[in-house]
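Chemist: Build me a model:
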Amino acid sequence: MLVGKELDALGGSMPVHEGRLVAHSPGHLGNWHWYEDHARGTGELACRFAEPWGGGDLAYRLGRDHDTGKGACAWQEGLIEEATTGRKVRRPSHNDAGTFLFGRAAEQVPVLLPCAGVIEGHHTGLSAWLEVRLRLKALMADSSEVDEAIHRVAAVMPEILDGSCPAVPDWLDPRDKVAVEMLVRMTYSAVVDADRLDTAAHFRPGTHIRPHVGMDELSERYEARRQEAIGERQRSRGASWLDKLRENVYQEALEAAAGKPGVYRLHLPTGAGKTFTGGGFALRHASLHGLRRVIVAVPFISITEQNAAEYRSLLDPEQGPPVVLEHHSAVNVEAPQSATPSTNVRHGQKGGQPNRWAKLGTENWDAPFIVTTTVRLIETIFGNTPWATRRLHRLANSVIVLDEVQALPDRLLTPILSGLRELVEHYGMTLVLSSATQPELAALNPWRSGLPQRDVVADPTPLFEQLRRVRYEWRTGPGVTLASIAAEAAEHDQALVVVNGTKDASRIHRIWLGTNRDEDPGILHLSTRMTGSHRRETIQATKQRLEKGLETLLVSTSLIEAGVNLDFPRGYRARSTPESEQQAAGRINREGKRPANDSIMTIFDPQDGLKPEMVYNTCAIAAASCRFGDGLADPDNLDVLRSYYQHRYRLQAGQHSKDPNGATGEVIEALRAKLHYPEVAHRMRMIDNEHSVAVVVIRPHLEEEARQAAQKAVDQLRCGLPTPATYRVLQEHMASIPKRELELAINTGHTIAIAGDLQQWVGSYHYQRGIEPPA
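Modeler: Numbers count the residues shown, from 1 in each chain. A predicted model of the protein is given here:
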């Protein structure tokens, strides 16, 4: 082994003397990361993370021993040579030694054996238990591959030879395979995050754990600023009956927050102040029960942008580090670069070397208040890669507000509900299901028994009657087209049209503009083909025009249907599902200033538009078609909605379904019981990369300061030196396009690679419509 060698290539770093082991190369100060410091530091931090669910002893052991394989001479020599010469040196895998140590100890308590996979996959991802078990069996039969590393590490850390087994959380039932599966996930998250944080602290000295902010303080700040905002609004616009209704709802929610942790339903009609009420309930509940953080998950990026801004205004201090973290980046920075978007994590393949700083910079949700997307939340719970899963342990002893819960995909409901139940029952999480169209989730197997749901607002039915602000009309037949609806909407001074796809939105926008109106500021467009900042600017411009009474026509995809606070007098919605139609109606007469009979929401079925069966769950369409429509119920009929959800779920019950979008994920739940982490991660993707991918766009119309900030973030990621702030900047400049379009754009030079599977769009970008779909 190379010892005592000065590392001239690194400017005179400390030598490595005989008997010392290193874990990482010197940082910029020239100091090695000594093995025992990293091992014990990781173990102690992992223990701290896992204590809330009784897994501290287990996480400490796995964290302490995760890098045992680095003790091998070949590994040590490779790192020293690499640091000395600056050349990349291939080193042997260092996972097996710690895996073997833990497997040998856990033979006493077999239920913990699968936790050996935490060490086996701490860099590459959780493997299927069958694979880990076979590797363990081979190592038990012949440990010669790992004996040297274990012997050398034991010389500096003799405690690794203590063969005792860590304590098992007292709630764990060995017969419950899904409970074991989640315990492995949570422990993996604690160890991976601890490993990354300890490593990051070596390379970038300074605190990598945010200062604690108490929920008592945040709850009080939220309430004080909320009152200020209400007072300011009433001074400028005057008080209204709606303000009083919202305040009554809010106060009832604060009283309900005293209830014990568990599952709550926040069922409120659109316009009743659901965003403020949900945040207030969550913070008060966390304060009263000593919970650690609040995480708000919403289905659309457009809502995270809006909600995060509102929560920042209520929670971020005037000075000091921010409280609210917004995290919804669609970037997979650990994927190897390739000509097309990578599928490297599909089945847990371990090829491709992720960039070190990209890994260390990904967000780990170490913040007291987080706004994220449902996609990110589900990826966090069911992913198998380190970058996705390291956040999971932050859900313990937290409040999760699952906003617009009706948007959860039916095909994944069984594992989602099962996983959430595990987190509620064993990890101290409180779950808030928030929606104007509450699905009947108790009708599905994971929640049918033993999981009580409490209502934040005891009886929401009168609220729906009081807040009925639109009259529905139905438009069907051969004469109904996108052009006819566009023409009808244009007869009104202010109108909203919501369609089922980006091509339909682009077409209506072009019809409105015609040939001579390219600069008309009153004709607006909204879709995910626009960047986050572009969408926010469009929403703000629309809101200002509506408030001033200016002529305003807006066409949008479904992203407008949740959480976007716009108030149109007239609306049109292409036929979809009743919950989507009701959400779209929430943008019409939102403030209740007009008579309901004069505020018309037209549900239309265009002959040339994207059919709902192509976008939405076909079982949902089938269940809705016999209940809602001309001569049938309106989408806001609560009794019929309950019947609709029950019928919809019955159509998908069982292991299989004729509907390709159907079934509720029973097959995935069976894979969870088999601890097949890579396949579960693949099947649980809420956004299939075969259909939609994110690209970075630095818009030509951006102001120079914003362009420079965006370009700096791109350069940081491309050079491999990002921070969490890098990703937060890039989120402002993300747009989505179908994968097939991205493949074409790569081949034609309209994009250039940044990192992993992330591309930068350098093709044309329309100042109103964003990235145009091909003709």
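Chemist: Now the element after the helix or strand residue 97 falls within, going C-ward?
Modeler: Secondary structure from DSSP states H and E places residue 97 in helix 96-106. Following helix 96-106 in sequence order, the next helix or strand is helix 116-120 (DSSP H and E).
Chemist: elements contacting that following helix?
Modeler: Other helices and strands packing on helix 116-120, by 3 or more CB pairs under 8 Å, 6 or more residues apart in numbering; DSSP states H and E, are helix 56-65, helix 96-106, helix 129-141, helix 177-203. Any C-beta I mention is one placed from the backbone N, CA and C, and that applies to glycine too.
Chemist: and the shortest one with helix 96-106, angle?
Modeler: Computed by axes from the mean of the first three to the mean of the last three CA atoms, to 10 degrees, the angle separating helix 56-65 from helix 96-106 equals 150 degrees.
Chemist: cool, the last one as well?
Modeler: Relative orientation of helix 177-203 and helix 96-106, computed by the same axes, to 10 degrees: 140 degrees.
Chemist: Distance from the chain centre to helix 177-203, please.
Modeler: 18 Å (CA atoms, centre = their mean, to the nearest Å).
Chemist: how much does that helix deviate in direction from helix 129-141?
Modeler: Angle, helix 177-203 to helix 129-141, by the same axes, to 10 degrees: 70 degrees.
Chemist: And helix 177-203, what does it pack against?
Modeler: When contacts are defined as 3+ CB pairs under 8 Å, 6+ apart, helix 177-203 sits against strand 22-24, helix 35-50, helix 56-65, helix 116-120, helix 356-361, helix 386-389, helix 413-426, helix 666-673.
Chemist: List the contacts of the helix holding residue 97.
Modeler: Residues outside helix 96-106 that contact it (CB atoms under 8 Å, 6 or more residues apart in numbering): 61-62, 65-69, 71-72, 112-113, 115-120, 132, 135-136, 139-140, 143, 145-146, 149-150, 153, 160, 163-166.
Chemist: per the record, what domains does this protein have?
Modeler: If you go by automatic domain parsing, the domain ranges for the chain are 8-203, 469-635, 693-761.
Chemist: Average pLDDT for the second one, rounded please.
Modeler: Across domain 469-635, the average pLDDT comes to 92.
Chemist: from the chain's centre, how far out does that domain sit?
Modeler: On CA atoms, centre = their mean, the centre of domain 469-635 falls 27 Å from that of its chain.
Chemist: what do you get for the longest one?
Modeler: On the basis of CA atoms, centre = their mean, domain 8-203 sits 28 Å off its chain's mean C-alpha point.
Chemist: What average pLDDT does that domain get?
Modeler: Per-residue scores along domain 8-203 average to 92.
Chemist: And for stretch 267-284?
Modeler: For stretch 267-284, mean pLDDT rounds to 92.
Chemist: so how far is stretch 288-298 off the chain centroid?
Modeler: Centroid displacement of stretch 288-298 relative to its chain, using CA atoms, centre = their mean, is 15 Å.
Chemist: that's a helix at residue 294, yeah?
Modeler: No - Residue 294 sits outside any helix when classified using DSSP: H, G, I helix; E, B strand; the rest coil, being strand.
Chemist: so it touches residue 279, yeah?
Modeler: Yes - in this structure, residue 294 is within contact of residue 279 by CB atoms under 8 Å, at 7.3 Å.
Chemist: Between those two, which contacts overlap?
Modeler: The contact sets of residue 294 and residue 279 overlap at residue 401 (CB under 8 Å, 6+ apart).
Chemist: What about residue 255, how many residues nearby?
Modeler: Look at residue 255: counted by other CB atoms under 10 Å, it has 12 neighbours.
Chemist: Same check on the one 10 residues further on?
Modeler: Residue 265 is flanked by 20 other residues according to other CB under 10 Å.
Chemist: Ok, residue 71 next?
Modeler: 27.
Chemist: contacting residues for it?
Modeler: So residue 71 contacts 21, 35, 97, 148, 149, 150, 151, 152, 153 (CB under 8 Å, 6+ apart).
Chemist: Try it again at 7 Å.
Modeler: Residue 71 makes contact with 21, 149, 150, 152, 153 under the criterion CB atoms under 7 Å, 6 or more residues apart in numbering.
Chemist: Next one: residue 674 from residue 632, what distance?
Modeler: Applying CB to CB, to the nearest Å, the value for residue 674 to residue 632 is 44 Å.
Chemist: still on that earlier bit, Throw the contacts of residue 71 into TSV and include distance to residue 549, thanks.
Modeler: Below are these laid out as TSV (distance: CB to CB, whole Å):
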residue	distance to residue 549
21	73
149	74
150	76
152	77
153	74
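Chemist: Most widely separated two among the residues you listed?
Modeler: 21 and 150 (12.1 Å; CB to CB).
Chemist: Name the residue in those two with the higher neighbour count.
Modeler: Counting neighbours by other CB under 10 Å for residue 21 and for residue 150 shows that residue 21 has the greater number, 25 against 21.
Chemist: Name the nearest residue to the more buried one, sequence neighbours excluded.
Modeler: Spatial nearest neighbour of residue 21, chain neighbours left out: residue 35 (3.7 Å); criterion: CB to CB, 6 or more residues apart in numbering.
Chemist: same thing with residue 473?
Modeler: residue 602 is the one closest to residue 473 (CB to CB, 6+ apart), at 4.7 Å.
Chemist: for residue 49, same thing?
Modeler: residue 190 (3.8 Å).
Chemist: Show the contacting residues for the one you found.
Modeler: Neighbouring residues of residue 190 by CB under 7 Å, 6+ apart: 46, 49, 50, 59, 393.
Chemist: residues in contact with the nearest residue to the third one once chain neighbours are set aside?
Modeler: Spatial nearest neighbour of residue 50, chain neighbours left out: residue 59 (3.6 Å); criterion: CB to CB, 6+ apart. Applying CB under 7 Å, 6+ apart to residue 59 gives the contacts 46, 47, 49, 50, 187, 190, 191.
Chemist: Now with 6 Å, please.
Modeler: In this structure, residue 59 makes contact with 46, 47, 50, 187, 190, 191, judged by CB atoms under 6 Å, 6 or more residues apart in numbering.
Chemist: Redo these as JSON lines? Include distance to residue 649.
Modeler: Below are those laid out as JSON lines (distance: CB to CB, whole Å):
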{"residue": "46", "distance to residue 649": "39"}
{"residue": "47", "distance to residue 649": "41"}
{"residue": "50", "distance to residue 649": "35"}
{"residue": "187", "distance to residue 649": "33"}
{"residue": "190", "distance to residue 649": "35"}
{"residue": "191", "distance to residue 649": "37"}
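Chemist: List only buried entries from the contacts of helix 96-106.
Modeler: When the contacts of helix 96-106 are checked for burial by 16 or more other CB atoms under 10 Å, the buried set is 61-62, 65-69, 71-72, 112-113, 115-120, 132, 135-136, 139, 145-146, 149-150, 153, 160, 165-166.
Chemist: sorry, back to before: what's the closest of the domains of the chain to residue 669?
Modeler: When the domains of the chain are compared by CB to CB, domain 8-203 sits nearest residue 669, at 7.3 Å.
Chemist: what's the spacing between the most centrally placed residue in the chain and residue 676?
Modeler: Residue closest to the average C-alpha location in the chain (CA atoms, centre = their mean): residue 376, at 1.5 Å. Noted for residue 376: a distance of 22 Å to residue 676, by CB to CB.
Chemist: one step back: compute the number of surrounding residues for the residue nearest to residue 473.
Modeler: Using other CB under 10 Å, residue 602 is surrounded by 22 other residues.
Chemist: element containing it, please.
Modeler: Assessed by DSSP H and E, residue 602 sits inside strand 600-604.
Chemist: Identify the residues contacting that strand?
Modeler: Here strand 600-604 makes contact (CB under 6 Å, 6+ apart) with 470-475, 480, 485, 570-573, 575, 581, 585, 588.
Chemist: most neighbours, which of the residues you listed?
Modeler: Neighbour counts for the contacts of strand 600-604, by other CB under 10 Å, peak at residue 585, which reaches 29 neighbours.
Chemist: Could you give the number of residues near the residue nearest to that one when sequence neighbours are not counted?
Modeler: Distances taken as CB to CB, 6+ apart put residue 601 closest to residue 585, at 4.4 Å, once the chain neighbours are dropped. Using other CB under 10 Å, residue 601 has 28 neighbouring residues.
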